[in-house]
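A.B. asks: kindly return the folded structure for what I paste below:
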Amino acid sequence: MTGPLHSHQPFYCEENVWKMFERRPRPNGVVLFISNPARAVCMTEQRAASPGSPLVWDYHVVGLRPKEMERAWTVHDLDTRLFFGIRLESYLARSFPSNLPHPFQPAFRWIPSAVFVERFWSDRSHMLDEHGRYRAPPPLWRAPSGSERGSMPLRELLRFDRRPPGTSPWVDRQALQRFFCGRRAS
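C.D. replies: Numbers count the residues shown, from 1 in each chain. Predicted structure coming up:
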């Protein structure tokens with residue numbers, strides 16, 4: 001459930017997460033990018049698919065927040081049918097089938113939410129078709145425009161051959177779980 005504090009525009013997950021952290025900053029929040037070199041990640045429990053059906057995204061973006069006083073992180077995915085604020089371990093288990101063929105396996109990259117809110121930049125061109133029309137209506141808010149201290153274009157954040165400053169390397173599901181679930185949330 002998104003609720004009144006969370007703006008949501010279908011098919012603009014990166015901007016939804018940007019807007020969520022812009023409106024409600026979290027000093028320890030994290031923005032999690034999900035993709036793979038083939039740009040074909042299979043996910044379940046996504047609202048854009050029929051209930052019970054998998055969906056293949058080229059990428060997806062969610063927010064992570066630490067759960068105070070616990071060794072836990074919660075996922076804030078505005079496009080899932082799962083509970084908003086579900087524990088990371090449960091989200092991963094329920095969103096990514098364990099028997100996925102290799103080309104559909106997810107990879108993960110994260111960035112501190114404060115850095116993302118300040119520096120994320122998108123001209124929304126990735127949502128235009130060959131005739132310059134939007135494939136899905138854009139959000140009504142202004143597009144993220146980065147900052148004077150530097151911008152992080154969406155296309156750079158999704159590259160596998162480069163690591164933008166301030167981001168993690170791309171990791172697999174097991175490494176993601178070791179990093180976030182094997183240390184105390186703060």
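
A.B. asks: buried residues of the longest strand along the chain, list them for me.
C.D. replies: If you go by DSSP state E, the chain has its longest strand at strand 60-67. The neighbour-count check on strand 60-67 (16 or more other CB atoms under 10 Å) flags 60-66 as buried. All C-beta spots, glycine's among them, are computed from the backbone N, C-alpha and C.

A.B. asks: again with stretch 49-61
C.D. replies: Buried residues in stretch 49-61, defined by neighbour count with 16+ other CB under 10 Å: 49, 54-55, 57, 59-61.

A.B. asks: again, but for stretch 134-154
C.D. replies: Using 16+ other CB under 10 Å as the test for burial, stretch 134-154 gives 138-139, 144, 151-154.

A.B. asks: among those residues, which ones are in helices?
C.D. replies: Counting by DSSP state H, these place Leu154 in helices.

A.B. asks: rebuild the buried residues of stretch 134-154 as CSV, extending it with pLDDT.
C.D. replies: Shown next, in CSV, are those (pLDDT from 0 to 100):
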residue, pLDDT
Pro138, 94
Pro139, 93
Pro144, 92
Ser151, 87
Met152, 91
Pro153, 92
Leu154, 93
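
A.B. asks: got any ranges where the chain has weak pLDDT?
C.D. replies: The chain contains residues with pLDDT under 70 at 1-6, 69, 148-149, 183-186.

A.B. asks: just the helices from this structure, written as ranges.
C.D. replies: For the chain, applying DSSP H gives helices covering 13-23, 88-95, 113-119, 154-157, 173-181.

A.B. asks: now for the ones you listed, which one comes closest to His131?
C.D. replies: helix 154-157 (20.6 Å; CB to CB).

A.B. asks: other residues contacting the closest one?
C.D. replies: 14, 33, 109, 111, 120-122, 126, 162, 164, 167 (CB atoms under 8 Å, 6 or more residues apart in numbering).

A.B. asks: which of the residues you listed are buried?
C.D. replies: With neighbours counted by 16+ other CB under 10 Å, those contain buried members at 14, 33, 109, 111, 120-122, 164, 167.

A.B. asks: I'm done for today, thanks for sticking with me.
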